[in-house]
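**Student:** here's a sequence, model it:
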Amino acid sequence: MNKIILLIFCLFNFYSINAQNKAPNIIYILADDMGIGDVSAYNKTSKINTSHIDALAKQGIKFTDYHTSSSVCTPTRYGILTGRYAWRTRLKSGVTHGFSSSLIETTRTTIASYLKTKGYSTAVIGKWHLGMNWSRKNDKKINIKEGRNVDFNKKIKNGPNAFGFDYYYGISASLDMPPYAYIENNMIKGNLSYAEDQSIFKELNMKPVRLGWISEDFNQEAVLSNLEKKAISWIKNQNTNAPNKPFFLYLPLTAPHAPIVPSDKFKGKSNLSDHGDFCLEIDALVGKISTTLDKLNITDNTLIVFTSDNGVSPNANLKDMENKKHYSSHIYRGLKGTLYEGGHRMPFIIKWPKGIVKQTTSDKLTCSTDFLATIMELNNEKSTENNAEDSVSFLSEFNGENKSDISRGAIVHHSDNGYFSIREGNWKLIFHSGAGSRRKDPKDLPVENPNKLQLFNLDKDLKEKTNIIALYPEKTAHLKRLMAKLINEGRSTYGIKQKTIPFKGEKQLLKLNAFKEYLNLQ
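**Tutor:** Residues are numbered from 1 along each chain as shown. Got it, this is the predicted structure:
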């Protein structure tokens with residue numbers, strides 16, 4: 001009997017020690033088109049009270065100078081998962097569509113594939129929007145916007161499961177792009193029919209969206225709730241079936257992207273707009289994820305991230321919200337798609353009680369591509385020559401070591417129309433006479449001293465009011481050379497030169513005019 005008791009005691013201690021030494025679970029929550037001013041932790045005058053997101057900030061790190069590598073969906077997602085700028089791929093502007101082929105190279109390391117080598121269970125639940133290879137009925141090509149000639153009875157290739165994710169549940173692209181149906185792992189779900197006109201959407205009580213394939217049981221308003229339920233179920237299953245194995249959950253949400261469809265429970269709750277209601281529904285989802293971790297007693301060793309892929313969209317009815325004194329871009333100029341700060345300066349919050357013991361605010365210049373290098377350093381490793389080429393670790397911020405350090409090197413931003421800007425320290429150069437986009441925020445006045453290029457010192461002009469390019473020709477020339485170097489080298493970190501898919505065609509080459517004298521375009 002004493003031997004049995006001793007054995008039980010030893011086993012208990014073994015599993016207890018294993019649990020204490022276990023690598024952190026990681027949950028990465030990515031909102032879609034949620035501006036920095038939509039999070040009340042960043043905007044004291046916000047009309048949207050995001051109490052659950054704010055709670056993360058009160059217990060972790062709130063980054064105030066965090067930026068996405070692009071101001072639209074697909075390229076930001078590529079950068080998050082690979083640590084590499086998406087404009088180095090074939091995607092030089094715009095986004096992929098629901099039936100686009102896979103953008104991620106099959107040999108490329110992603111956060112998920114890296115963490116799998118460290119013993120993690122991995123899942124993505126939500127909006128993929130990075131392309132996948134659909135099977136064809138015959139030799140004819142698949143129209144990437146409409147999906148004609150797709151064989152839905154065959155498995156999808158090069159979807160999330162091919163890039164390190166054990167499990168995938170979600171939609172292929174944005175909520176306004178066909179197919180309007182869920183995908184689980186490599187198969188689409190439901191019976192699909194083709195919407196030739198808007199009548200089918202009216203029958204299903206859906207807001208008008210692009211025409212295309214739709215499942216008979218697809219409900220726009222229920223998508224966010226379904227993703228929440230799937231995510232919580234997956235977390236619980238991991239905790240039950242593999243309690244000593246860490247997990248990585250990538251949770252890219254479909255909201256508040258258009259169609260802006262908050263569920264009945266949240267309609268009118270913000271007293272602001274449908275966009276405000278949708279943001280509150282996201283906040284509630286964050287709260288339920290946090291509550292689930294508490295109930296499972298795994299909060300302490302779970303690293304949870306909240307951020308957004310780009311700035312607010314004009315679809316959010318900005319003028320009406322601004323009349324009510326709510327500014328989704330907060331004090332910043334610009335919005336989704338643009339090169340101004342409102343397009344890519346995003347909320348970025350990390351909570352990890354075991355690893356971040358003190359609440360803090362970090363003003364370290366940080367990019368969405370930096371997460372992969374940070375996770376690698378957390379595992380005492382560095383990126384190799386051919387992965388995470390544009391990723392710089394910010395792990396030191398967990399201990400507050402570099403609170404005021406902005407020396408990560410330059411960050412490149414990319415607009416929806418394929419124009420560039422570059423940020424080094426407090427200096428920002430935009431290689432376009434405007435925002436690099438057709439999108440405009442109604443609150444923004446014209447920039448003083450207009451020019452083909454725009455230079456700002458963000459330390460003195462955070463709202464990007466005055467173009468000072470005429471005053472600093474040497475700084476402008478330096479940033480032009482640096483932009484060309486980052487393109488030519490195929491990376492923005494130290495290492496062997498890597499390949500960037502060349503810019504081709506008159507439209508693409510015109511966008512390089514501002515610094516073409518420094519580029520090797522052979």
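**Student:** can you show me the strands along the stretch 251-400 of the chain?
**Tutor:** Under the criterion DSSP state E, counting those that start in this stretch, the stretch 251-400 of the chain carries strands at the ranges 302-308, 348-351, 360-362, 366-367.
**Student:** got the contact list for the third one?
**Tutor:** Residues from elsewhere that reach strand 360-362, judged by CB atoms under 8 Å, 6 or more residues apart in numbering: Ile61, Lys62, Phe63, Thr64, Asp65, Phe394, Glu397, Gly400, Lys403. The C-beta positions use only the backbone N, C-alpha and C, and glycine is treated the same way.
**Student:** of those, which pair is most distant in space?
**Tutor:** Asp65 and Gly400 (15.2 Å; CB to CB).
**Student:** so between those two, which is more surrounded?
**Tutor:** The residue with more neighbours, out of Asp65 and Gly400, is Asp65; 19 against 14, by other CB atoms under 10 Å.
**Student:** the more buried one contacts Leu365, correct?
**Tutor:** Yes. Counting by CB atoms under 8 Å, Asp65 touches Leu365, with 5.1 Å between them.
**Student:** tell me the pLDDT at Met187?
**Tutor:** Predicted confidence (pLDDT) for Met187: 97.
**Student:** I'd like to know how far the nearest residue in space to it that is not next to it in sequence sits from Arg108.
**Tutor:** Among residues not flanking Met187 along the chain, Lys155 sits closest, at 6.2 Å (CB to CB, 6 or more residues apart in numbering). According to CB to CB, to the nearest Å, Lys155 and Arg108 sit 21 Å apart.
**Student:** and the longest helix for the chain?
**Tutor:** In the chain, with assignment by DSSP state H, the single longest helix is helix 274-295.
**Student:** what's the average pLDDT for that one?
**Tutor:** So the average pLDDT for helix 274-295 ends up being 98.
**Student:** can you tell me how far the residue sitting nearest the centre point of the chain sits from Glu221?
**Tutor:** Residue closest to the mean C-alpha point of the chain, counted by CA atoms, centre = their mean, is Asp309 at 3.6 Å. Distance, Asp309 to Glu221, by CB to CB: 21 Å.
**Student:** got the phi and psi for Leu510?
**Tutor:** When read as degrees, to the nearest 10, the backbone of Leu510 gives phi -60, psi -30.
**Student:** please enumerate the strands of the stretch 51-200 of the chain.
**Tutor:** 61-63, 66-67, 121-127, 167-171, 183-184, 187-188, 192-194.
**Student:** adjacent strands (with direction) for the last one?
**Tutor:** What it means is strand 192-194. If you go by DSSP bridges, strand 192-194 pairs up with strand 213-215 (antiparallel).
**Student:** again, but for the third one
**Tutor:** Strand 121-127 has the following sheet partners, assigned by DSSP bridges: strand 167-171 (parallel), strand 247-252 (parallel).
**Student:** please save the CA atoms from stretch 420-430 in PDB.
**Tutor:** This file holds the C-alpha atoms of stretch 420-430, laid out as PDB (Å, rounded to 0.1, in the frame of the first residue of the first chain):
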ATOM      1  CA  PHE A 420       5.200  52.400 -50.100                       C
ATOM      2  CA  SER A 421       6.100  54.400 -47.000                       C
ATOM      3  CA  ILE A 422       9.100  53.800 -44.700                       C
ATOM      4  CA  ARG A 423       9.600  54.600 -41.100                       C
ATOM      5  CA  GLU A 424      12.900  54.900 -39.300                       C
ATOM      6  CA  GLY A 425      12.900  56.300 -35.800                       C
ATOM      7  CA  ASN A 426      10.600  59.300 -35.800                       C
ATOM      8  CA  TRP A 427      11.000  59.900 -39.500                       C
ATOM      9  CA  LYS A 428       8.400  58.700 -42.000                       C
ATOM     10  CA  LEU A 429       8.600  59.100 -45.800                       C
ATOM     11  CA  ILE A 430       5.600  58.400 -48.000                       C
END
